[in-house]
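Asks: let's see this in three dimensions:
(chains A and B)
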2 protein chains.
Amino acid sequence: MAERVAGPEIERLLQLLARLPGLGPRSARRAALHLIRKREELLGPLAEAMRIAHERILTCSTCGNIDTVDPCSICRDARRDPGILLIVETVSDLWALERAGLLAARYHVLGGVLSPLDGVGPNDLNIASLIERVRENPVREAILAVNATVDGQTTAHYIADLLAPLGVKTTRLAHGVPVGGELDYLDEGTLAAALERRTAF
Amino acid sequence: MAERVAGPEIERLLQLLARLPGLGPRSARRAALHLIRKREELLGPLAEAMRIAHERILTCSTCGNIDTVDPCSICRDARRDPGILLIVETVSDLWALERAGLLAARYHVLGGVLSPLDGVGPNDLNIASLIERVRENPVREAILAVNATVDGQTTAHYIADLLAPLGVKTTRLAHGVPVGGELDYLDEGTLAAALERRTAF
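Replies: Reported below is the predicted structural model:
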């Protein structure tokens, strides 16, 4: 409806902004007006940053990470142990682990999880490339750092079965009480896992 | 932290996206990954729409609306009654009234409300241009369509006082129960206004 008011350029901006996750029509309008108000400080630079991202960002052909170089900076980083592979669902999980900065290892981004209900099978994920990578490079340990969801765990089991014959030690993240978490708010599954794997005080 | 991982281009995109209202660091990451996944359908077109908006969008020198032409399409629209002026705080309020499509009138966008606490005085708003506009053009009715907030109502009174000597009929939006609203959820001020201005059934 804003089309009649403000011309097709603004209408197009509104429609595209509304397609960002977390923005609906109302917040897209708010974002567009904010951008137009901050024309020089924000709208111009963001348009340029998006143009550059559109032109230069690649998916790493080794690990599935995104970067402006292929192989990506992580795969090129000689200080990282190539013998440890963190297998993650998405690039945002990779970013989360990198922000924590716990392990100077390499990654393999699956690009999702197996989900028969959504029609996602092994061929839709970077699983074949993972097996090939492990076969051709010496990997001591593959850490299945997938989400603790049903689909995530199914995917972990599927991959663990494929890695077993290759003689790779396969591990997964521990389950338990999150740091700072209150027992009262946790589900029974988490409590059961935390109790079962209790450690000496 | 993602800088180390993915290079300055992605980091810059994340920083700028996080400055949009409604997006924080986490949702900016989600939005950036969504954009990169939908590279051709969304990232490219949005970069282009922003570039065009940055280049072409103007503020209407008559009413304060935004458009790619000055005067804006509303001020140019001969089918709209120039004798009725809807005075609004922001362009989003103008859009809200246009979406409702109730009155083929003209607008005047104040660009905010008087707010002594935030240091916003009459000279920070498009009030002088409003008075000049009303002085030079025949306006029968000025509708103060500002928000029903304290600052909004203060601004409305201030403007009404300035318009009074010019012989313009000044009106404001009715207070009352929103359509579909439940009494139990309304504040006492709204209930008092709705009761006081009750109409025959």
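Asks: which residues touch the top strand by length along chain A?
Replies: As assigned by DSSP state E, the longest strand anywhere in chain A is strand A:81-88. If you take CB atoms under 8 Å, 6 or more residues apart in numbering or on different chains as the criterion, strand A:81-88 is touched by A:94, A:97, A:103-110, A:130, A:133-134, A:137-146, A:159. Bear in mind the C-beta positions are built from the backbone N, C-alpha and C, glycine included.
Asks: any low-confidence regions in chain A?
Replies: Along chain A, segments meeting pLDDT under 70 span A:1-6.
Asks: let's see 90
Replies: Scanning chain A for pLDDT under 90 picks out A:1-8, A:22, A:24-25, A:99-103, A:138, A:148, A:173-201.
Asks: how is it divided into domains?
Replies: What automatic domain parsing lists as the domains of chain A is A:8-56, A:66-172.
Asks: got phi/psi on residue A:131?
Replies: With angles defined as degrees, to the nearest 10, residue A:131 sits at phi -60, psi -40.
Asks: bridging residues for residue A:87?
Replies: Beta-bridge partners of residue A:87, counted by DSSP bridges, are residue A:108, residue A:144.
Asks: count the neighbours of it for me.
Replies: Per other CB atoms under 10 Å in any protein chain shown, the neighbour tally for residue A:87 reads 26.
Asks: one more: residue A:126?
Replies: By other CB under 10 Å, the residues close to residue A:126 number 18.
Asks: just residue A:25 next, same as before
Replies: Residue A:25 has 13 neighbouring residues, counting by other CB under 10 Å.
Asks: identify the residues contacting it.
Replies: Contacts for residue A:25 (CB under 8 Å, 6+ apart) come out as A:14, A:18.
Asks: ranges for the helices of chain A?
Replies: A:2-17, A:25-37, A:44-56, A:73-76, A:91-100, A:128-136, A:150-163, A:188-196 (DSSP state H).
Asks: wait, doesn't residue A:52 sit right on residue B:9?
Replies: Yes: if you go by CB atoms under 8 Å, residue A:52 and residue B:9 touch, sitting 5.4 Å apart.
Asks: narrow the contacts of strand A:81-88 to just the buried residues.
Replies: By neighbour count, with 16 or more other CB atoms under 10 Å in any protein chain shown, those hold A:94, A:97, A:105-110, A:130, A:133-134, A:139, A:142-146, A:159 as buried.
Asks: before we move on, the earlier item: would you turn the helices of chain A into CSV with distance to residue B:47?
Replies: Formatted as CSV, these follow (distance: least, CB to CB, whole Å):
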stretch, distance to residue B:47
helix A:2-17, 9
helix A:25-37, 13
helix A:44-56, 4
helix A:73-76, 23
helix A:91-100, 20
helix A:128-136, 30
helix A:150-163, 33
helix A:188-196, 42
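Asks: just so I know, which of those helices lies nearest residue A:114?
Replies: Shortest separation from residue A:114 across the helices of chain A is recorded for helix A:150-163, at 4.6 Å, computed as CB to CB.
Asks: list the buried residues for that closest one?
Replies: Across helix A:150-163, burial judged by 16+ other CB under 10 Å covers A:151-152, A:155-156, A:159-160, A:162-163.
Asks: next: stretch A:179-194.
Replies: Within stretch A:179-194, the residues scored as buried using 16+ other CB under 10 Å are A:186, A:190, A:193-194.
Asks: for that stretch, list the C-alpha coordinates in PDB.
Replies: Below are the C-alpha coordinates for stretch A:179-194, written out as PDB (Å, rounded to 0.1, in the frame of the first residue of the first chain):
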ATOM      1  CA  VAL A 179      26.800 -23.100  33.300                       C
ATOM      2  CA  GLY A 180      24.600 -20.700  35.200                       C
ATOM      3  CA  GLY A 181      21.500 -22.900  34.500                       C
ATOM      4  CA  GLU A 182      18.900 -23.600  37.200                       C
ATOM      5  CA  LEU A 183      17.800 -27.200  37.700                       C
ATOM      6  CA  ASP A 184      14.100 -26.100  38.000                       C
ATOM      7  CA  TYR A 185      14.100 -24.900  34.400                       C
ATOM      8  CA  LEU A 186      15.800 -27.900  32.800                       C
ATOM      9  CA  ASP A 187      14.000 -30.800  31.100                       C
ATOM     10  CA  GLU A 188      14.200 -34.400  32.400                       C
ATOM     11  CA  GLY A 189      16.500 -35.500  29.600                       C
ATOM     12  CA  THR A 190      19.100 -33.000  30.500                       C
ATOM     13  CA  LEU A 191      18.800 -33.700  34.200                       C
ATOM     14  CA  ALA A 192      19.100 -37.500  33.500                       C
ATOM     15  CA  ALA A 193      22.200 -36.900  31.400                       C
ATOM     16  CA  ALA A 194      23.800 -34.600  34.100                       C
END
